[in-house]
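**Q** Okay, predicted coordinates and the sequence, questions at the end:
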Amino acid sequence: MKVGLFGYGVVGSGIYEFLLRDEMRHNITVGGVLERRDIPEIKDIRSENVDEILADPTIDTVIEVLGGFEPAHTFALKAVKAGKNLITANKLMLAENYSEIMREARERGVSVAFSATVGGGIPFLKNLALVSHADTVLEVGGIMNGTTNFILDEMQSKGADFAETLKKAQELGYAESNPSADIDAIDLRCKLALCCSVGFDAACHPDDIPTMGVRHIQKRDIDIFRAHGLRVRLIGKGVRLEDGSVCAFCEPTLVGPGQNEYSVYGVENYIYYIGERTGKHGFGGFGAGRKTTAVNVYLDAIDILHGYSPFDQVSCEENLKVDASGAKHRYYLRTNAELPKEIEVEVRLGSGTYITKPMGVLEMHRLAHIMQEADETIFFAGWAD
């Protein structure tokens with residue numbers, strides 16, 4: 001197998017290192033690298049022209065690790081249309097364009113593999129795809145963003161405020177200079193959409209998933225959670241419903257000592273699925289990083305080399321209906337805005353701080369977005385009983 005590598009950043013250089021080291025072991029070579037920068041170790045195979053790499057008949061597989069939406073989407077689609085297998089770690093691009101890319105790949109008879117889009121190097125998505133062939137997946141979810149878990153864990157364990165913890169995450173390389181994808185749960189929403197697409201055998205679009213991030217969490221919120229023996233985690237969850245739709249949502253969630261997510265620290269992830277026959281299976285570990293992410297990309301390449309990727313059997317013909325209106329639980333809510341009549345208070349914790357009576361997830365997200373007009377610092381967290 002000869003691959004074209006799109007991107008030579010942190011992950012791309014890690015993939016190149018693995019392939020170069022193990023070339024004789026698996027017979028996977030790099031025939032071209034799409035990269036603008038002049039980098040000595042790839043000077044003989046570097047190109048700034050995507051069409052030059054795609055026109056090479058000896059390259060049968062493209063590995064896309066450019067990140068972002070564009071030009072990653074355009075280049076990935078071009079690769080598939082050129083009859084190349086596609087391996088990507090780009091969850092934002094793939095989740096947004098899942099149906100288009102997967103259907104094009106089916107028509108061209110090529111593979112699209114994306115194990116590294118969820119959980120970095122954690123072997124979750126591949127196992128989810130495999131189990132979905134023989135079992136009915138009932139639920140997927142968990143902690144899938146290491147940056148926000150690091151921020152929340154630091155705030156809870158060290159009593160730091162959000163701004164200084166975010167700055168620390170940026171200094172350590174966990175958070176980007178523009179951290180919106182992480183703290184506004186855009187990254188989590190895209191990962192959950194891919195989990196739902198694979199687990200529930202239909203295309204789930206991230207825009208259909210109600211989402212709230214952690215941008216406005218404050219130290220006083222953490223103090224209240226600690227007083228109740230709880231920790232807050234940013235969690236995505238998708239549950240199969242009897243009518244074939246899925247109840248999916250992403251939100252800060254309060255968890256207690258008996259729950260798996262309670263003991264997930266730092267930049268670690270915890271992701272799970274529940275099968276009708278197989279029960280619950282959880283996967284933990286580091287969800288990002290040069291070597292960890294590169295491993296899953298590498299394993300996808302080995303699968304394709306040997307003629308089978310579990311993602312080849314994942315359906316993309318139907319669009320998944322997302323309906324979070326039926327899910328209900330209590331909420332911790334902090335806001336200076338006037339409460340709408342639909343929100344019933346169970347406990348008043350202080351000025352502008354409440355525990356609500358059980359209410360619909362979709363309703364809480366809808367009302368919170370309305371209240372943001374009066375109070376942009378509103379924060380809520382699901383109170384998982």
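**A** Done, it's in.
**Q** Tally up the residues packed near H228, please.
**A** As a burial measure, H228 scores 13 neighbours (other C-beta atoms under 10 Å). Quick note: C-beta positions are derived from backbone N, CA and C, even for glycine.
**Q** Spit out the contact partners of it.
**A** Contacts for H228 were tallied using C-beta atoms under 8 Å, 6 or more residues apart in numbering; they are L254.
**Q** Show the pLDDT at it.
**A** Among the per-residue scores, H228 shows a pLDDT of 93.
**Q** cool, M24 as well?
**A** Reported pLDDT for M24: 67.
**Q** Tell me if I'm right that G238 and C250 touch.
**A** No. Contact criterion C-beta atoms under 8 Å: G238 and C250 do not qualify, at 9.6 Å.
**Q** Need the overlap of contacts for the two.
**A** Common contact partners of G238 and C250 (C-beta under 8 Å, 6+ apart): L192.
**Q** Tell me where the stretch 151-300 of the chain has helices.
**A** Taking DSSP state H, counting those that start in this stretch, the helices of the stretch 151-300 of the chain run over residues 162-171, 180-183, 186-199, 219-227, 290-305.
**Q** so can I have JSON lines of these showing mean neighbour count?
**A** What follows is these, written out as JSON lines (neighbours: other C-beta atoms under 10 Å):
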{"stretch": "helix 162-171", "mean neighbour count": "16"}
{"stretch": "helix 180-183", "mean neighbour count": "20"}
{"stretch": "helix 186-199", "mean neighbour count": "28"}
{"stretch": "helix 219-227", "mean neighbour count": "17"}
{"stretch": "helix 290-305", "mean neighbour count": "21"}
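**Q** out of the ones you listed, nearest to L86?
**A** Closest to L86 of the helices of the stretch 151-300 of the chain is helix 290-305 (C-beta to C-beta; 9.5 Å).
**Q** any idea of the mean pLDDT in the closest one?
**A** 91.
**Q** Tell me the strands beside the helix or strand following it, with direction?
**A** As assigned by DSSP states H and E, the chain's next helix or strand after helix 290-305 is strand 328-334. Take DSSP bridges as the rule and strand 328-334 pairs in its sheet with strand 353-356 (antiparallel), strand 359-360 (antiparallel), strand 379-383 (antiparallel).
**Q** Let me see the contact set for D323.
**A** Neighbours of D323 in contact, by C-beta under 8 Å, 6+ apart: 241, 245-247, 362.
**Q** ok, of those, which one's closest to G14?
**A** Lowest distance from G14 to the contacts of D323 (C-beta to C-beta) belongs to V246, with 33.7 Å.
**Q** Would you confirm that the closest one contacts N319?
**A** No. At 11.1 Å, V246 and N319 do not qualify as touching, with contact defined as C-beta under 8 Å.
**Q** More neighbours: which of the two?
**A** For the pair V246 and N319, the greater number of neighbours falls to V246 (25 against 14), based on other C-beta under 10 Å.
**Q** What sits closest to the more buried one if chain neighbours are left out?
**A** Leaving aside its sequence neighbours, V246 sits nearest to G238 (C-beta to C-beta, 6 or more residues apart in numbering; 5.2 Å).
**Q** Could you tell me how many residues sit around that neighbour?
**A** If you count neighbours by other C-beta under 10 Å, G238 ends up with 27.
**Q** Over to N49?
**A** 10.
**Q** Deepest-packed of the strands paired with strand 328-334, please.
**A** Comparing these by mean neighbour count (mean count of other C-beta atoms under 10 Å), strand 379-383 ranks first with a mean of 23.
**Q** hmm, back to that, so which of the helices of the stretch 151-300 of the chain comes closest to G7?
**A** helix 290-305 (10.9 Å).
**Q** For the closest one, which outside residues touch it?
**A** With contact meaning C-beta under 8 Å, 6+ apart, helix 290-305 is reached by 1, 3, 10-11, 13-15, 17-19, 26-28, 61, 63, 65, 85, 87, 89, 111, 113-116, 119-123, 126, 285-286, 309-310.
**Q** which residues of the stretch 251-385 of the chain score low on pLDDT?
**A** 384-385 (pLDDT under 70).
**Q** go again using 80 as the cut-off
**A** The stretch 251-385 of the chain contains residues with pLDDT under 80 at 288-290, 317, 384-385.
**Q** T278 is in contact with H133, isn't it?
**A** No. If you go by C-beta under 8 Å, T278 and H133 don't touch, sitting 11.8 Å apart.
**Q** When those two are compared, which one has more neighbours?
**A** T278 (14 against 10).
**Q** Please identify the nearest residue in space to the more buried one, excluding sequence neighbours.
**A** T278 sits nearest to D135 (C-beta to C-beta, 6+ apart), 5.3 Å away.
**Q** residues near that neighbour, how many?
**A** D135 is flanked by 15 other residues according to other C-beta under 10 Å.
**Q** A374 now?
**A** Residues lying near A374 (other C-beta under 10 Å) number 11.
**Q** Checking the closest residue in space to it that isn't next to it in sequence next. Helix, strand or coil?
**A** The shortest distance from A374 to any non-neighbouring residue, by C-beta to C-beta, 6+ apart, is to A337 (3.9 Å). Secondary structure, DSSP: H, G, I helix; E, B strand; the rest coil: A337 is coil.
**Q** pretty sure A337 is touching I378, no?
**A** Yes. In this structure, A337 is within contact of I378 by C-beta under 8 Å, at 6.4 Å.
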